[in-house]
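A.B. asks: Structure of the sequence below:
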Amino acid sequence: MASTTFSLSLSTLASSTAYNSGNHIPTISCKSNEKSSLCLSSSSFLGSKLNVSRRTSSANPMSMRNVRVTCSASVLPSALLFDCDGVLVDTEKDGHRISFNDTFKEKELGVTWDVDLYGELLKIGGGKERMTAYFNKTGWPEKAPSDEEERKQFIASLHKRKTELFMVLIEKKLLPLRPGVAKLIDQALEKGVKVAVCSTSNEKAV
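C.D. replies: Model (predicted):
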């Protein structure tokens, strides 16, 4: 009889491509010592039984047989520790980027960061450092001062306004949870699993 190993990783939460677009169901991988074709899905994340149908090839490659596989995931973690940005909410793309652009528009700087550009800028740590590096590379706006020390104050003022606009997005609940997050947290709490958030972000925003 073929041995089959299932693996389910919480890291799937970090990638929206791991979810079925309609039902937000994670895909779980399967490794077997026979050639097989498997698609395993579950509507529950923690402590549940997973029932799947597997099509396994026999000696005749044109013949397929159905095999019912049941996997019981009974061991629960003592706690789930979530990062915030990019895990619970895609705050960079849907929050900080939008707030930067709103700030630039408000200050009439003629600057817009699209998703691809912002993805590159995220390689630079820190919002103030990100703006400084961008302006150093592309040229400073006409409304920006020419003195280096004044430019630091200019960047600081832009970043402060960006943070204020970002907080407005949060307070208005305009940043949705990533698919599957609420369900996983609800199931964890129902089963007595502790849940916590770890982040270096602004505590109020978290």
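A.B. asks: Give me the contact list for the helix ranked longest in the chain.
C.D. replies: The helix that spans the most residues within the chain, counting by DSSP state H, is helix 148-171. For helix 148-171, the surrounding residues in contact (CB atoms under 8 Å, 6 or more residues apart in numbering) are 95-96, 98-100, 102-104, 106-107, 127-128, 131-132, 140, 144-145, 175, 202, 204-205. Where you see a C-beta, it was placed from the backbone N, CA and C, and this is true even at glycine.
A.B. asks: low-scoring stretches of this structure, by residue?
C.D. replies: Where the chain drops to pLDDT under 70, the residues are 1-74.
A.B. asks: can you map out the helices along it?
C.D. replies: Assigned by DSSP H, the chain shows helices spanning 91, 97-106, 115-121, 127-138, 148-171, 181-190.
A.B. asks: buried sites along the longest helix of the chain?
C.D. replies: 151, 154, 155, 158, 159, 161, 162, 163, 165, 166, 169, 170 (16 or more other CB atoms under 10 Å).
A.B. asks: Stretch 185-200 now?
C.D. replies: Buried residues in stretch 185-200, counted by 16+ other CB under 10 Å: 185, 187, 188, 193.
A.B. asks: Next, count neighbours for residue 108.
C.D. replies: The local packing of residue 108 (other CB atoms under 10 Å) involves 10 other residues.
A.B. asks: does it really touch residue 142, like I thought?
C.D. replies: No - applying CB atoms under 8 Å, one finds residue 108 not in contact with residue 142, separated by 9.5 Å.
A.B. asks: could I get the buried residues of helix 148-171 as CSV with distance to residue 87?
C.D. replies: CSV is the format used below for the buried residues of helix 148-171 (distance: CB to CB, whole Å):
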residue, distance to residue 87
151, 34
154, 33
155, 28
158, 27
159, 23
161, 26
162, 21
163, 20
165, 22
166, 17
169, 18
170, 16
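A.B. asks: on that earlier part again, quick check: which of the helices of the chain is nearest to residue 81?
C.D. replies: Each of the helices of the chain was scored for nearness to residue 81 using CB to CB, and the closest is helix 181-190 (11.0 Å).
A.B. asks: List just the nearest of the buried residues of helix 148-171 to residue 89.
C.D. replies: Nearest to residue 89 out of these is residue 170 (CB to CB; 9.0 Å).
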